[in-house]
Structure formats: structure tokens, C-alpha cells
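Enquirer: Have a look; sequence and predicted model below, questions after that.
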Amino acid sequence: MISIRSIAVLAFKNLSRKKVRTVLSITGIIIGVMLYGGMSYATSSLKTRVTDVIGFLQDAMLIQNKDSIAPVFSIVDLKIIDDIDMYFPDIVRDFSPQIWLLNSSQKQPTIVLGVYLSKEISMRTFLANLKVNGELPSDNSTGWIILGSAIAESFRKKGYDIGDNLTLLNLGQTRSLRIIGNFTTGTFYDWLVIISIYDAWKLSPNLEQESEVSVIEIRLRDPTYSDEIQSFLDSRYSGKYELVYNIEVAEMVGNTINTVDKFAMVIGLLALIIGSLGVANTMFINITERKQEIGILKATGWTNGEAALEILMEALIMGLIGSVIGAGLGYFATIFAVKIFSINMTIYFSAIVFINSISAGLITSTVAVLIPVWKVMTLVPIKAIRE
Amino acid sequence: MIVEAIDVHKVYLLGKTEIYALRGVNLSIDRGDFVCIMGPSGAGKSTLLHILGALDTPTKGTVKFMNEILNNKNDRFLARLRREKIGFIFQFFYLIPTLTAKENVMLPLIPIKPRWLERRAEELLELVGLKKRMSHKPKELSAGEQQRVAIARALINNPEVIIADEPTGNLDSDNGRQIIDILSRIVRDENKAVIVATHNMDVAKRTDRIVYLKDGAIVKVDELK
């Protein structure tokens, strides 16, 4: 029965012989795992966000102009709500008319979303799901503005905070609104500002007041009716409108993040491989320097496997120390990077990412040391002693 | 019989040239034997020790260890045999610098670490007169003390035979004498077999039998007992 603990203790003592070399090798692993883990934390947090968004938009669809490339350019007649309600009673659980416009004041183009605040036409899409920091506007009130956290931060730097008035400008129309709060979703909505739909109409001379909006977001009780609603819109409005699944957009973002994730993993793995090359190099030097000593171990009865295990253990100790420190640093480095570069993202600690990072560090350290281990396995003791 | 070489030949290849290290060596070592192998450099002393100690295999001939033929045994078998039955002492001690004297003595059995290992290491260090130097590292010990640690290391597995290759070659005469005293005591008190290769006639005279090697062959055997 091999005493793993005794061999591990010996391996640790052997590593302490060349402290600088060992520390440099461990540093290589730390940097590699830190990059690998950091990228994993970033993409994992992004994925969490996208999952939230997909959940948020699960059954939401937009009615918009067929040829408009963005909601800002779309014009939809509010009559559609009554038409759909009449032809598909109890199918649509939620209508949310929205006006999208582009504010061009404060030297910062901002996407503005005008929404209804009435009990009759629900606002669940945004405010019902948002945790608004500040006061909530009352039904049908006007003159308020709620900022997404990213845009709020940007405006704060320009001296605008909760309680201040902000003047919006769109197509030559201006409107001064009081900032009453902000919200964080961790999604692209954080770059939007929300105002009352009545103020949005005032800022949109291209829209018929109180009868036209940019888009109508709808949620169906039974999503299988979407094709029928599309057919209805085609026949009723001569193909002027289309139903767009928000989830498709979210899934597209999700797929993009998956691609980024893979790319980040490749970069992280490359960093890990470079780090593990340091371990391989150290172990090559170690066994070259200690050839006679390994020969003596074998001469005194150590089997090839036991001698190889001792070398493997040295690599694993370096890999484990480097991986644990690297995985921890990766998390904090990502938070630090997000803060330094003012990225609007929350980094979540993930035990899976932490364990994956340590495993990746250990695996690459082990793979890196396979050739040195093989050299030890095949070392002929008398040749080693003679050298 | 502990170890027996029967018509042992060893040929090395140096490029395309064949080097005859041993030519038909016959030698038997029994319990309580204290045998010296003498001869000039290149006579084949170390090669013979390595073959007798299961570190090398003959090109031709047979080596028996406790009546078991070692030819064609695999590395694992030979490693176990060395761990259980053979102790080695080398000219340059080969102690691990980061380990204490006691840890160095324990080293051969570290992979299996029996319960009695530490106690036995302490007893052996006491036997070689290093009771108070157990926790010292090699650089804190004199050359003679280091070689005594190496002797204790060779004894840790309670071997049947101890093979010492120039054990006094790196020591002054006083220390050399002490080392031979210890080896003699091991032969006398514990009935072990000890095989020593040396150039030193003073050392050789302390043994029971001197085997003279020249050009890989035994040319003379002096029985001193």
C-alpha cells in the first residue's frame, strides 16, 4: 500500500529546495487560471443575465411595422389592440403600447421608451418587473423620468441626479422631466430611459397623439395563437404589421454570448497552457538536476511508479496552489476590471466556475508534467547514478 | 546462499564498440560474509556490485538471489527485491539536502511507510553514533557523519546483504576506519553479508575475503578469515 501522504510530504520538501523557481512556476499557473477563471466568471455572469432576459421576455412579442429596422422607426395604430381583443378574446393577457424615440440633448443620444401607466393597459413589461430605486410614478401621471442604471451613471457624471430636471429633445420637440428614480436589470434595458407615454407623444410629432405608438408589446395566454394573430394582421392591415418575437432577439444575444464564451475559453486555455509550460519547464530542470537522486531512490527500492508519483505530486502541488489562488484572484480581478472600465455588469460568484478553474489548472499541470514523469519512469538507476 | 554469480558476463556497447566489463565471473556470498572486491579502475568492480545488487542484469550467465534466478525479472520485481533484501552504500552518500538525517534514513521505505519506520530509523542512527544528530540536515554533518547516515539508510529495510561501492573513498582515514568498524559490527552482530568495493588495502584487510578483479575477470581470491 503506497503512502500517498508521505510521498506528498517529500514532494513538498523537494519543491522548497528551489523556492524562486517553484514560486515562478506557481505564478505562471496563477496567471493562467486567473485569466481562465476571470473569463469564465465574465461569460457566466453574462449568461445569467441573458437567461434572465430570456425569462423576462419569454412569451413577449412586438407588433411593429413590417419594414422598420428598429422600433424607433415603427408606427403602429392603437386600434390594433381593440381589433385583436375582439377577434381573439382572452387570448392576449397583456398589451403594452410603447413609444420609442431618440433623445439628442445633453450631448448624449439616449433611447427613450414611453410607456402607459394605467390599470387598463398593463405596464408589466417594464415597471412591474423592475426594482425602481426612487419613487414610482402614479397612474397616468406625466413629467417624470426613470433612468436605467447605465444611463443614470452617465448622467450623474454630468450633474443630473434623482430630483433634478432633465430636458429631452426629439425631432425638434423638447420636454423637461423630473428624474424620479432609476432601475437595474443587468440587461440592455439599463441603457434606456422610461417616461410616460403622454410625454413621449409630446416629443414625437411624427405620431398621431393618443392613437399611434411605435410598437405594441403583447403577451399571449396561449402562445400557439401567434401564427393566427399574424395571419389576422396580414389580412386586416394588408401586411403592414408583423409579430416579432422578443425571445428570438434574446436567443440571438444568447448565441452570441455562447460564441464569446467559447472564444474566451480558448484564450483562457491558451493562458493556462502557457502557465503549465512553466511547470513543465521547472519539472524538466528539477529531474535533470536530481537525476542521481532519483537513481538512488530507485536503487534503494522505489519502483518506477513510486518515483514517477513523487514527480507528479510536485506538479500537482504547484498546480493546486496556483489554481486555488488563481481561481480566487480571477473572480476579484473580473470585478476589478468591470469597475475600472465602468462596464455595466454584475459579476456573480459561481462555485462551478471556481471548481472548473481549479480543475483546469490541475489538469493542465498534470498534462504538462507527463513527459518529465515518463522520463523518470524510464530512468535507469545505474545510469543515473553514474552521471 | 544469499547471492550467487555463475559465469556472469557483461558487455556494454559504446557506439559500435563492445566493452567487456565482466568475463565469466563466479562468486558466492553467504550470510556473515564480509567480502572485498579489489581491482584497478575499469576492472569491473562497480558492474559486479550492480549485478549482485539487482541494479543491472548480466549479458550472459546467471545471478541467483536466495536461490531465485534474477535474469529476466522485471523492474518491479527487482525494485521490490532491493527494497526488501538489499542495502546500498555509495561513495558520494547521495543524501537529500532538504531532509534531516532521520528522514534520509527513512527514505527507501517512504512510499510504503510502515509504522515502525521512525523508531527503526532512530535505532539505526543510534547504532551509527548519530543519536544526537537526527534532526540535522546533511550540510550540517561532516562527510563521515553523512556516510554513517547512508549506512543507516542502507540498513533501514533490515537487508540480507549490504553492497558498498567505495564507502570510504570520500573520507579521511579516521572516518574511513569508523565506517569499516560499523560494517564489521553489522557482519559480526547481525550476521549480514557485506560486499565492499575499494581501492584501499587497509579497508580490504579488515574483510574476510578479498576478490581481485582485473579486466572483468577474477584473478585471485584471498581468504583472510
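Expert: Looks like it came in fine.
Enquirer: pLDDT on stretch A:36-48, on average?
Expert: Stretch A:36-48 shows a mean pLDDT of 83.
Enquirer: which SS state does the residue in the stretch 201-350 of chain A that chain B sits nearest to fall under?
Expert: Going by C-beta to the nearest C-beta, chain B is nearest to residue A:301 of the stretch 201-350 of chain A, at 2.6 Å. (C-beta placed from N, C-alpha, C; glycine too.) Secondary structure, DSSP: H, G, I helix; E, B strand; the rest coil: residue A:301 is coil.
Enquirer: Number of residues surrounding it?
Expert: Counted with other C-beta atoms under 10 Å in any protein chain shown, residues neighbouring residue A:301 total 27.
Enquirer: Check whether it really touches residue B:112, as I assumed.
Expert: No: counting by C-beta atoms under 8 Å, residue A:301 does not reach residue B:112; the two are 9.1 Å apart.
Enquirer: Between the two, which contacts overlap?
Expert: Shared contacts of residue A:301 and residue B:112 (C-beta atoms under 8 Å, 6 or more residues apart in numbering or on different chains): residue B:83.
Enquirer: coming back round to it: give me the element the residue nearest to the residue of the stretch 201-350 of chain A closest to chain B when sequence neighbours are not counted is part of.
Expert: In space, and not counting its chain neighbours, residue A:301 is closest to residue B:83: 2.6 Å by C-beta to C-beta, 6 or more residues apart in numbering or on different chains. Assigned by DSSP states H and E, residue B:83 falls within helix B:75-85.
Enquirer: okay, the residue of the stretch 201-350 of chain A closest to chain B: pLDDT?
Expert: 91.
Enquirer: Quick check on residue B:92: phi, psi?
Expert: Main-chain torsions, residue B:92, degrees, to the nearest 10: phi -100, psi 20.
Enquirer: thinking it is in contact with residue B:170, fair?
Expert: Yes: using C-beta under 8 Å, residue B:92 is in contact with residue B:170, at 6.1 Å.
Enquirer: Against residue A:376, how distant is the closest residue to residue A:375 other than its chain neighbours?
Expert: In space, and not counting its chain neighbours, residue A:375 is closest to residue A:287: 6.1 Å by C-beta to C-beta, 6+ apart. Plainly put, residue A:287 is 6 Å away from residue A:376 if you go by C-beta to C-beta, to the nearest Å.
Enquirer: Please apply the same query to residue A:75.
Expert: 76 Å.
Enquirer: Find the residue closest to the residue nearest the centre of chain B in space, skipping its chain neighbours.
Expert: Centroid-nearest residue in chain B, with C-alpha atoms, centre = their mean: residue B:163, separated by 1.5 Å. In space, and not counting its chain neighbours, residue B:163 is closest to residue B:53: 4.4 Å by C-beta to C-beta, 6+ apart.
Enquirer: hang on, the earlier thing: got the contact list for the residue nearest to the centre of chain B?
Expert: Applying C-beta under 8 Å, 6+ apart, we find residue B:163 in contact with B:49, B:52-53, B:86-89, B:195.
Enquirer: ok, 6 Å please
Expert: Residue B:163 makes contacts with B:49, B:53, B:88, B:195, as judged by C-beta atoms under 6 Å, 6 or more residues apart in numbering or on different chains.
Enquirer: Just the element for it, please.
Expert: Going by DSSP H and E, residue B:163 is part of strand B:161-165.
Enquirer: tell me the angle that strand makes with helix B:75-85.
Expert: Counting by axes from the mean of the first three to the mean of the last three C-alpha atoms, to 10 degrees, strand B:161-165 lies at 100 degrees to helix B:75-85.
Enquirer: got the residues of the stretch 201-350 of chain A near chain B?
Expert: A:296, A:299-301, A:303-304, A:306 (C-beta under 6 Å from any C-beta of the partner chain).
Enquirer: Quick check on those residues: which are buried?
Expert: Burial by neighbour count, judged by 16 or more other C-beta atoms under 10 Å in any protein chain shown, picks out A:296, A:299-301, A:303-304, A:306 from these.
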